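>>> following is a predicted model, sequence given first.
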Amino acid sequence: MRALLLAAGLGTRLRPLTNNWPKCLMPIKGRPLLEYWLSILKQQNISEVLINRHHHSEMVKGFIQQPQFNGWVKSVYEDRLLGTAGTLRKNADFFRDNTVLIAHADNWSCCDFEDFILYHNLKRPADTLITMMTFDCQNPSSCGVVEINSQGVVVGFHEKVESPPGKLANAAVYIIEPEVLQWIKNNLEANDFSTDVIPYFFGKIATWKNHNIHKDIGTIEMLKNAQLDICEPPIWGISNRWQEQFSKHSIHKEIKDNI
């Protein structure tokens with residue numbers, strides 16, 4: 001299994017915080033969000049990770065160049081945002097014939113990732129090619145709400161509509177089989193995963209529910225809430241130049257001032 005962490009977003013709803021600092025590196029409990037994601041993947045023995053960069057690209061690149069990421073974390077710069085499917089297609093050679101875990105690295109997610117992966121590998125319904133992480137969204141009109149059948153397979157999807165039929169939402173964390181990547185390669189018009197890929201694979205998308213924590217920290221209010229969560233994913237307990245500079249960066253004060 002290889003992984004794609006999407007870290008290129010502009011973070012417009014987090015302004016002014018994202019004017020001078022990338023959304024994917026926002027501190028949660030004093031540590032950059034992207035560090036949590038990489039520590040989760042390392043814990044699951046995923047040793048080939050690709051991160052896309054765009055907004056504040058050099059800052060993200062500097063973070064990735066820390067010694068603990070050498071040899072297993074790579075990044076690619078996008079001069080324009082390609083969309084999830086577009087990024088997969090552009091970097092298809094990196095993923096080749098592997099199963100791929102995809103996550104939006106500007107989300108805050110705490111759950112049993114080992115069970116998520118185990119479910120996809122051994123327990124998902126026959127003939128499904130994707131496993132989608134889901135969660136209960138407290139504001140369903142702001143989420144992509146899914147409809148599932150008795151086997152937990154996606155049969156409908158409603159992306160940020162006014163009155164969705166429920167609150168079970170797409171967490172935008174997926175595990176996909178090589179056939180999905182091949183379909184994306186063959187369908188050049190497919191760039192957005194939610195609107196272009198998911199509808200085509202209705203009936204072939206299994207779901208695994210995150211019963212713990214999943215939040216889009218795209219607003220100052222949600223970033224504030226994340227600081228209070230009882231969740232401690234594994235992190236690297238090291239000190240280096242990047243970490244020392246990060247600990248002194250004004251973003252910590254800016255967050256406190258805004259929340």
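Received the coordinates, thanks. Numbers count the residues shown, from 1 in each chain.
>>> residue 225 touches residue 216, doesn't it?
No. If you go by C-beta atoms under 8 Å, residue 225 and residue 216 don't touch, sitting 10.7 Å apart. To be clear about C-beta, it is placed using only N, CA and C from the backbone, and glycine gets the same treatment.
>>> okay, those two: which has more neighbours?
Neighbour count, other C-beta atoms under 10 Å: between residue 225 and residue 216, residue 216 has more, with 20 against 15.
>>> okay, now the closest residue to the more buried one other than its chain neighbours: neighbour count?
For residue 216, ignoring the flanking residues on the chain, the nearest one in space by C-beta to C-beta, 6 or more residues apart in numbering is residue 107 at 5.5 Å. Counted by other C-beta under 10 Å, the residues lying close to residue 107 total 21.
>>> and the pLDDT for residue 107?
At residue 107, the model reports a pLDDT of 90.
>>> ok, now which ones touch it?
171-173, 214-217 (C-beta atoms under 8 Å, 6 or more residues apart in numbering).
>>> tell me the mean pLDDT over stretch 110-126?
Mean per-residue pLDDT for stretch 110-126: 95.
>>> I meant to write stretch 158-176 there.
For stretch 158-176, the mean pLDDT works out to 88.
>>> go on, stretch 180-195?
94.
>>> hmm, back to that, ok, the residue nearest to residue 216 to residue 243 distance?
22 Å (C-beta to C-beta, to the nearest Å).
>>> low-confidence stretches in the stretch 1-150 of the chain?
Within the stretch 1-150 of the chain, no stretch has pLDDT under 70.
>>> quick one: the strands in it?
All strands of the stretch 1-150 of the chain, identified by DSSP state E, counting those that start in this stretch, fall at 2-6, 27-28, 31-32, 49-53, 73-77, 100-104, 107-110, 130-136, 144-148.
>>> check which helices and strands the fourth one sits against.
In terms of contacts (3 or more C-beta pairs under 8 Å, 6 or more residues apart in numbering; DSSP states H and E), strand 49-53 is packed against strand 2-6, helix 33-43, helix 57-64, strand 73-77.
>>> pick the most buried one from those.
By mean neighbour count, with neighbours taken as mean count of other C-beta atoms under 10 Å, strand 2-6 ranks first of the helices and strands packed on strand 49-53 at a mean of 23.
>>> give the rounded mean pLDDT of stretch 214-232.
Stretch 214-232 comes out with an average pLDDT of 84.
>>> can you list contacts of it?
Stretch 214-232 is contacted from outside by 11, 13-14, 17, 23, 26, 28-29, 33, 106-111, 133, 135, 171, 212-213, 255, 258-259, using C-beta under 8 Å, 6+ apart.
>>> show me what residue 145 is bridged to.
Residue 145 forms beta bridges with residue 158, residue 169, as assigned by DSSP bridges.
>>> and it, how far is that from residue 161?
Distance of residue 145 to residue 161, computed by C-beta to C-beta: 8 Å.
>>> who has more neighbours out of the two?
Per other C-beta under 10 Å, whichever of residue 145 and residue 161 has more neighbours is residue 145, with 23 against 13.
>>> OK, contacts around the more buried one?
137, 157-158, 161, 164-170.
>>> now flag whichever of those residues is closest to residue 202.
When the contacts of residue 145 are compared for distance to residue 202 (C-beta to C-beta), residue 157 wins out at 7.6 Å.
>>> right, and the closest one touches residue 196 too?
No. Using C-beta under 8 Å, residue 157 makes no contact with residue 196, being 11.6 Å away.
>>> list the contacts for residue 246?
25, 32.
>>> so which of the contacts of residue 107 are in strands?
With strands defined by DSSP state E, the entries of the contacts of residue 107 inside them are 171-173, 214-216.
>>> now distance to residue 57 too, for those residues, in JSON lines please.
Below are the ones in strands among the contacts of residue 107 laid out as JSON lines (distance: C-beta to C-beta, whole Å):
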{"residue": "171", "distance to residue 57": "26"}
{"residue": "172", "distance to residue 57": "21"}
{"residue": "173", "distance to residue 57": "23"}
{"residue": "214", "distance to residue 57": "26"}
{"residue": "215", "distance to residue 57": "25"}
{"residue": "216", "distance to residue 57": "22"}
